[in-house]
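Engineer: Sequence and predicted structure below; questions after.
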Amino acid sequence: MKRYLGQRLLLTAPILIGVSIIVFFTVQLVPGDPISTLVGAHATPETRTLMTKQYGLDKPLPVQYVVWLGHALQGNLGASISQQRDVTGIVTTAFSNTLTLTAFAALIAVVLGAVLAMTITFGRRRLSRMLSSVVSLASVSMPQYSLGVIFIVVFAADLAWFPAGGMRDVLEPGSTTSLLHHLVLPGLTAAAIPTGIIARMFSATLAEESQEPYVENLRARGLSEWTVRRHIVHGSLASLLTISGLQIGYLLGGVVFVEVVFAWPGIGQLVYQSISKRDYPVIQAGVLVSALAFVVINLVVDVARAVLDPRVRASGVTA
Amino acid sequence: MRRMPLTAAVAAALLVAGCNGGAGAAGGSGASSNTLIIAMTAAQLPGLDAGTFESEGWEGERFVGMQLYDGLTKMSLNQDKTGPTIEPDLATSWKVSKDVKTWTFTLRPGVTFHDGTPFNADAAVFGFDRILNPKSKYFNADAAGLIGFYTQSIAGYKKVNDMTFQITTKAPYALLTQDLPFLTFPSPTAVEKLGNKAFGQHPVGTGPFKFSRLISGGSAEFVKNEKYWNGAPTLDKLVLRPIPEATARVSALRSGEVNWIEFPSPDDAASLGKEGYIVKTNPYSHIWPWLFDVTKGPLKDARVRLALNLAINRDQMAKGTLSGFGAPAEQYVPQTDVGYQPSGNVLTYDPVKAKSLLAAAGYPNGFSMTLSYPTSGSGNMVPGPMNEALQADLAKVGVKVKLEPVEWSAMIGDWSAGKMSLGADATNISLGFQPPISWEVYFGSKSVFNVGHYNSPQFDALWSRAQATVDDTARAKIIEQINALLVKDNPWLVVVSDLNPRVITKNVHGFTQPRSVWVDLTHITVS
């Protein structure tokens, strides 16, 4: 187990360095530059030179990369060109906002997905079974971008039940109720696809589990249908964890669109805006943090599976 | 669990909504606490330091620079019938030397920064040092770079005595007081105590509003400065919220989260007006043009450039494509600026004359050209539909235009390097003439931003005279001559001017939409 974990951790470093190199050189290929974007149409050539030097953008690219890497290894991600603030602070705040949204969406996805799966499998009425199937299929197929806009039009602009965007009430920014209120629409939007996937995959697992010989055995003993189902669900929980774990990893990538639609001040929106502003240090740090999060979540899921399932553990050691 | 779990889930969601619906509605009417909440088009809060507010251009000047800080002069913005004029601000009066190079300002007595530090000539020198003297301890390269457009004429500055401050310019320059509203003063005590970096998070100026706090999620809250030298503003609080997507701004207004939005799309503005919101418009110093590369192909010929200017239907564009939120621009001087003459040297719709001019120039069947245009960006209005309308107009006289969209950041990058995006024959970018040195920037033969390579010794001579002319009326006459010259040479296709639409809720009172991109927020109340 330790060796398995060690191997996985060792792989993380080259993955992150690879990501940083790719991002660093790709953003430079895009036309436009951060200084022009920042100082706008009117800046004098002197201004431009002054600022280019200030941010070290006058040096050759490989030198810029090495300087950046050196600082990054010491925990200094540089200064944002468009916001004149430390990147570390900007990225940390944005990332914690993204985690808040992701956690909320994950909660919805797992609970709603499991409930839908159980209705599809055990539902007594045909209508409720069908309806759950339709909901799970629709939520997988609906692009987040359109779903978010529909939610805004219906629930924010027309009905005014929820705010159209943002994360906190500007007048009482500390309020938790207001945070929850802001979370509902982006949370549901982000949760849509994973909910559907969890519902469909978990209902398949439940159906499979229902065919196991022990289920018939339980019924033969005269246990109530209710108790039998409890046993089936219990037997399928490990697979719910695996399915959900993977979905939460994807969720972190998927919230980018949701953040842009709902002006959620997370890492996705930050990177999106920084690309339009060509704010190289922020793009670099934002992508790196996302990559790190993805690697860590995958690692946690793999470890959790290994803990729950000895077969995975064994294959990990031999691999 | 067996029975309709979906309904249960929906009910749970609604419960959350129910619990908070009340809070949300109250939050929206945070209006009731005499607070103005502005949805800006910027994606991020502008920098908060004196100078770095330029990180969001006009919007940064409008909502941060002019609210937290003061300059030596300011513009009269609480008027909507005439364009703004220059008024005393932290300087009560000024004198200019005969050679129009030395300006002596008498400073306003009794003004204090929000932290109580007195404003005097030392504070003025400190402020200028931060953006003009790289050797000073608190030199702020970001601020210096961002505000550089407004400092380019300045050669030196000094304290004459406690309440007298002097500025010298590199060349005779009568327009200095028009640049000064943007050169604002931070509290020297606060900068020395906090250092440049922390000051940018806790700004202290002399302006009508004081910085109160940053709100997570990228908003900022200002409160009124009770001790403002010109009387405290009538608002209690001012909140700035960056919402870059136009549709999201409209949704935020409709759901009551903000009570003021900048630049809705023309369609949205029209429907908001019908719903009872107040739509404010007024022209400002703005032209939405195409810039011709006058060194290329048929566009080398001034007759061709005139023909294109006569071939487009500006009224149709203003009333149709822009639903009335634009005004035809028939000359180079915006209708709000000095030198504007309603008739005389104007360009009007005359496709028949356009055809004959093209024939005379040797293009009876027209020609093909390319145009690069931005897909979005400050002041660019709705570039896609507008350029398609022009394409259709020009096709009628045989000129086939290939439209090539460019992302705004990339276009700004090209423009700064003095290039036309994608090497096109013409480019579309929105431009204004405030401050007036913009004339030189766009048309001067030595200007790096003259991307169309218009080269006219006549223009250069007229402009040097204009910028050395102190008398406003005499200078207006020179601008008239410049317009006459440009209407003959036509380095641009002049199309329309923006009417600067913004929408406010009915409970916002006392706001006057000026003939300017800048605003005065000190007379507003929210009931």
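Structural biologist: Looks like it came in fine.
Engineer: Near chain B, which residues of the stretch 201-319 of chain A are found?
Structural biologist: A:Val260, A:Val261, A:Ala263, A:Pro265, A:Gln273, A:Ser276, A:Lys277, A:Arg278 (Cβ under 8 Å from any Cβ of the partner chain). For every residue, glycine as well, the C-beta is placed using N, CA and C.
Engineer: how many other residues sit next to the third one?
Structural biologist: The reference is to A:Ala263. Neighbourhood size, A:Ala263 [other Cβ atoms under 10 Å in any protein chain shown]: 28.
Engineer: quick one: what helix or strand has the nearest residue to B:Leu358 once chain neighbours are set aside in it?
Structural biologist: For B:Leu358, ignoring the flanking residues on the chain, the nearest one in space by Cβ to Cβ, 6 or more residues apart in numbering or on different chains is B:Ala307 at 4.8 Å. Element membership for B:Ala307 (DSSP states H and E) is helix B:302-310.
Engineer: Next secondary structure element downstream of that helix?
Structural biologist: helix B:314-316.
Engineer: Just the mean pLDDT for that next one, thanks.
Structural biologist: Averaging pLDDT along helix B:314-316 gives 96.
Engineer: swap in stretch A:169-189?
Structural biologist: On average, stretch A:169-189 scores 85.
Engineer: and it, is it in reach of chain B?
Structural biologist: Yes: residues of stretch A:169-189 contacting chain B under Cβ under 8 Å from any Cβ: A:Asp169, A:Val170, A:Leu171, A:Glu172, A:Pro173, A:Ser175, A:Thr177, A:Ser178, A:Leu180, A:His181, A:Val184, A:Leu188.
Engineer: Kindly reformat the residues you listed as TSV containing secondary structure and neighbour count.
Structural biologist: Conversion of the residues of stretch A:169-189 next to chain B to TSV gives the following (DSSP: H, G, I helix; E, B strand; the rest coil; neighbours: other Cβ atoms under 10 Å in any protein chain shown):
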residue	secondary structure	neighbour count
A:Asp169	coil	26
A:Val170	coil	22
A:Leu171	coil	21
A:Glu172	coil	14
A:Pro173	coil	17
A:Ser175	coil	16
A:Thr177	helix	15
A:Ser178	helix	22
A:Leu180	helix	16
A:His181	helix	23
A:Val184	helix	21
A:Leu188	helix	24
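Engineer: Quickly check those residues for the two that are furthest apart.
Structural biologist: Put simply, by Cβ to Cβ the two of the residues of stretch A:169-189 next to chain B set farthest apart are A:Leu171 and A:Leu188, 24.6 Å from each other.
Engineer: which residue packs closest to B:Val397, ignoring adjacent ones?
Structural biologist: Per Cβ to Cβ, 6+ apart, closest to B:Val397 is B:Ala311, 4.5 Å.
Engineer: tell me the phi and psi of the one you found?
Structural biologist: phi -90, psi 0 (degrees, to the nearest 10).
Engineer: and what of B:Lys210?
Structural biologist: According to degrees, to the nearest 10, B:Lys210 has phi -110, psi 150.
Engineer: Determine the number of other residues adjacent to it.
Structural biologist: Neighbour count of B:Lys210, defined by other Cβ under 10 Å: 22.
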